[in-house]
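J.: Build me a model from this:
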Amino acid sequence: MTSRTGPALVVTGHGGRDVLAVEERPAPAPGPGEVLVEVTAAGVNFIDVYQREGTYPVATPFVAGNEGAGTVVSTGEGAGGLAPGARVAWPQTLGSAARYVVVPASEAVVVPDGVDLETAAAVMLQGLTAHYLTTSTYAVRPGDVALVHAAAGGVGQLLVQLVRARGGVVVATAGGPEKCAAVRELGAEHVVDYRAVEDLAAEVRALTGGRGVDVAYDGVGKDTFDASLASLRPRGTLALFGAASGQVPPVDLQRLNAGGSLFVTRPKLLDHVATRDELEWRAGEVFGAVADGNLRVTIGGRYALTDAAAAYADLEGRRTRGKLILIP
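T.: Below is the predicted model:
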């Protein structure tokens, strides 16, 4: 039994950011197949918002956060070869916004020497998401045209780079001149300031010579879904992987017929790291690209746990550029 204690970001009840509280809690003890990690940084993600609000039901009170990176302090039996001192990261373990968290060894990936722990925390969930979207949900081929919404955000920046790395052409959307400039710097061929156009789909179609895009990667949801659908070429794919602006209402499937035999999918990360081999493959490619300098990770803000409400206000207000992290 450990005597360590540390701060934790607790969701005291379902609701807005006012339900967040920082409490001093004892470090949990790792059981069989688990490791106790001292957290260096935890990622700030929309899944945290959905859990806090009750959209994704989690019984309260609970410690917030799902993604993080840190150093193994102790292990339970059968910890998969992990030992104290190992630097690890994980994509979705509830309770990560704390000084200490117990992580299943099966979900912890060793962070290579060329990647610091803050960067590992910033790229784990969103990097794996961008990886499965571009390799599995719609495997980008050379010459494919991809629409990437919120391209200045955490996932968006990674999507732009991974689409380009696979030989695709990027049509990106972002809000405001500063964000648009940042996305161009990452290699997007076409950038649309969604605040400055009345008909986003018409703009996208004009940029593609009227053809439309092969795939639309949409993590915004309600505000962009219709434009994403209208931007697709016949037999194009809409990958709806998030709902930053709210959940998409029910859709009449005849719209897919009218749009030209369109495909719509609503993927999630857990189904794409369902085996240890798949997790290690995706994480290995993401971390390898970061270590080689081929994948740039922008940390848009670092917040103490006591400032977590401000971090989520920035995230929910779409005021972010890159990834936000909490430092416990």
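J.: make it CA atoms for all contacts and neighbour counts henceforth
T.: OK.
J.: which stretches of this structure form helices?
T.: Here the chain has its helices, by DSSP state H, at 46-53, 117-132, 154-165, 177-185, 200-207, 225-230, 254-258, 276-292, 308-316.
J.: possible to save those as a markdown table with mean neighbour count and mean pLDDT?
T.: Shown next, in a markdown table, are the helices of the chain (neighbours: other C-alpha atoms under 10 Å; pLDDT from 0 to 100):
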| stretch | mean neighbour count | mean pLDDT |
| --- | --- | --- |
| helix 46-53 | 20 | 95 |
| helix 117-132 | 26 | 97 |
| helix 154-165 | 25 | 96 |
| helix 177-185 | 17 | 95 |
| helix 200-207 | 18 | 97 |
| helix 225-230 | 21 | 98 |
| helix 254-258 | 13 | 98 |
| helix 276-292 | 17 | 97 |
| helix 308-316 | 18 | 95 |
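J.: do you know which of these lies nearest His14?
T.: Checking these against His14 by C-alpha to C-alpha gives helix 46-53 as the closest, at 4.9 Å.
J.: about what we covered before: of all the helices of the chain, which one is nearest Thr5?
T.: Going by C-alpha to C-alpha, the one of the helices of the chain nearest Thr5 is helix 308-316, 19.5 Å.
J.: packing partners for that closest one?
T.: For helix 308-316, the packing partners by 3 or more C-alpha pairs under 8 Å, 6 or more residues apart in numbering; DSSP states H and E come out as helix 46-53, strand 323-327.
J.: can I get those in JSON lines with distance to Asp193?
T.: Below are the helices and strands packed on helix 308-316 laid out as JSON lines (distance: least, C-alpha to C-alpha, whole Å):
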{"stretch": "helix 46-53", "distance to Asp193": "23"}
{"stretch": "strand 323-327", "distance to Asp193": "20"}
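J.: So for Asp144, which of those sits nearest?
T.: Closest approach to Asp144 among the helices and strands packed on helix 308-316 (C-alpha to C-alpha): strand 323-327, 26.6 Å.
J.: tell me what the closest one is packed against?
T.: By 3+ C-alpha pairs under 8 Å, 6+ apart, strand 323-327 packs against strand 34-43, helix 117-132, strand 299-304, helix 308-316.
J.: Which one, of the ones you listed, ends up nearest to Arg52?
T.: With distances scored as C-alpha to C-alpha, the stretch of these nearest to Arg52 is helix 308-316 (10.8 Å).
J.: Redo the helices of the chain as JSON lines? Include distance to Val191.
T.: Converted to JSON lines, those look like this (distance: least, C-alpha to C-alpha, whole Å):
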{"stretch": "helix 46-53", "distance to Val191": "24"}
{"stretch": "helix 117-132", "distance to Val191": "19"}
{"stretch": "helix 154-165", "distance to Val191": "11"}
{"stretch": "helix 177-185", "distance to Val191": "6"}
{"stretch": "helix 200-207", "distance to Val191": "9"}
{"stretch": "helix 225-230", "distance to Val191": "15"}
{"stretch": "helix 254-258", "distance to Val191": "26"}
{"stretch": "helix 276-292", "distance to Val191": "24"}
{"stretch": "helix 308-316", "distance to Val191": "21"}
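J.: Of all those helices, which one is nearest Glu34?
T.: Ranked by C-alpha to C-alpha, the member of those that lies closest to Glu34 is helix 276-292, at 14.7 Å.
J.: and the angle for that closest one with helix 154-165?
T.: Put simply, helix 276-292 runs at 80 degrees to helix 154-165, going by axes from the mean of the first three to the mean of the last three C-alpha atoms, to 10 degrees.
J.: who touches helix 276-292?
T.: 106-107, 109, 111-112, 114-115, 120, 124, 127-128, 131-132, 272-273, 295-297 (C-alpha atoms under 8 Å, 6 or more residues apart in numbering).
J.: Spatially central residue for this protein, please.
T.: Gln126 (2.9 Å; C-alpha atoms, centre = their mean).
J.: Spatially nearest residue to that one, not counting backbone neighbours?
T.: Distances taken as C-alpha to C-alpha, 6 or more residues apart in numbering put Val155 closest to Gln126, at 5.2 Å, once the chain neighbours are dropped.
J.: Tell me which residues touch the one you found, please.
T.: Val155 makes contact with 126-127, 129-130, 322, according to C-alpha under 8 Å, 6+ apart.
J.: Distance of it relative to Asp113?
T.: If you measure Val155 against Asp113 using C-alpha to C-alpha, to the nearest Å, the figure is 23 Å.
J.: cool, and Pro177?
T.: Pro177 sits 36 Å away from Asp113, going by C-alpha to C-alpha.
J.: same deal with Leu270?
T.: As judged by C-alpha to C-alpha, Leu270 and Asp113 stand 26 Å apart.
J.: Of the two, give the one with the bigger neighbour count.
T.: The residue with more neighbours, out of Leu270 and Asp113, is Leu270; 13 against 10, by other C-alpha atoms under 10 Å.
J.: measure the more buried one to Arg296 for me?
T.: Applying C-alpha to C-alpha, the value for Leu270 to Arg296 is 24 Å.
J.: and what of Val10?
T.: Val10 is 31 Å from Arg296, where distance means C-alpha to C-alpha.
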